[in-house]
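Peer 1: quick one: sequence plus predicted model below, questions after.
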Amino acid sequence: MKMALIAHDKKKDDMISFCKKHVEVLKRHQLFATGTTGHILMKETGLIIHCFRSGPLGGDQEIGARVANGDIDIIIFFRDPLTAQPHEPDVSALFRLADVYKIPLASNTNTAELFFQTLQ
């Protein structure tokens, strides 16, 4: 399965904890991430992750293009709903594409945990 991992700055610690908890499951899948998130996760977990640009520099759009081309099966995107993001239109576009192409998207840890129960 091809998985995208994205986390806003204030949610990166949540993503690190989530990935450490599920590292054995994640190892069995092809992983993609926005730049900053991906590099942090590789350092913290040892996972192999294809990194795009950081979100504000177009990484969300690069993942969106993968979604549109059928190259992403699931998205884990830990959003910070309380902080304005300079690239909010890109985030909204990625969520829209996930809906258009029926790609499961978890925007918080509890939803991601539910997704991962099916991957065990």
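Peer 2: Everything's here; your move. This is a predicted model, so every value here is computed, not measured.
Peer 1: low-confidence regions, the chain specifically.
Peer 2: Low-confidence segments of the chain (pLDDT under 70): 120.
Peer 1: D80 is in contact with K10, isn't it?
Peer 2: Yes: D80 is in contact with K10 according to C-beta atoms under 8 Å; the separation is 4.4 Å. Heads up, the C-betas are built off the backbone N, CA and C, glycines and all.
Peer 1: how far off centre is the longest helix belonging to the chain?
Peer 2: Identified as the longest helix of the chain according to DSSP state H is helix 88-100. Computed by C-alpha atoms, centre = their mean, to the nearest Å, the chain-centroid distance of helix 88-100 equals 13 Å.
Peer 1: after it, which helix or strand is next?
Peer 2: strand 105-106 (DSSP states H and E).
Peer 1: elements contacting that next one?
Peer 2: Contact here means 3 or more C-beta pairs under 8 Å, 6 or more residues apart in numbering; DSSP states H and E; on that basis strand 105-106 packs against strand 74-78, helix 109-117.
Peer 1: paired strands for it, with orientation please.
Peer 2: Counting by DSSP bridges, the strands paired with strand 105-106 are strand 74-78 (parallel).
Peer 1: which residues touch Q61?
Peer 2: Shown in contact with Q61 (C-beta atoms under 8 Å, 6 or more residues apart in numbering): D90, A93, L94.
Peer 1: by neighbours, which of those residues wins?
Peer 2: L94 (27 neighbours; other C-beta atoms under 10 Å).
Peer 1: contacting residues for that residue?
Peer 2: L94 makes contact with D60, Q61, I63, G64, V67, I75, F77, according to C-beta under 8 Å, 6+ apart.
Peer 1: can you list those in TSV and add secondary structure?
Peer 2: As requested, the contacts of L94 are exported to TSV (DSSP: H, G, I helix; E, B strand; the rest coil):
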residue	secondary structure
D60	helix
Q61	helix
I63	helix
G64	helix
V67	helix
I75	strand
F77	strand
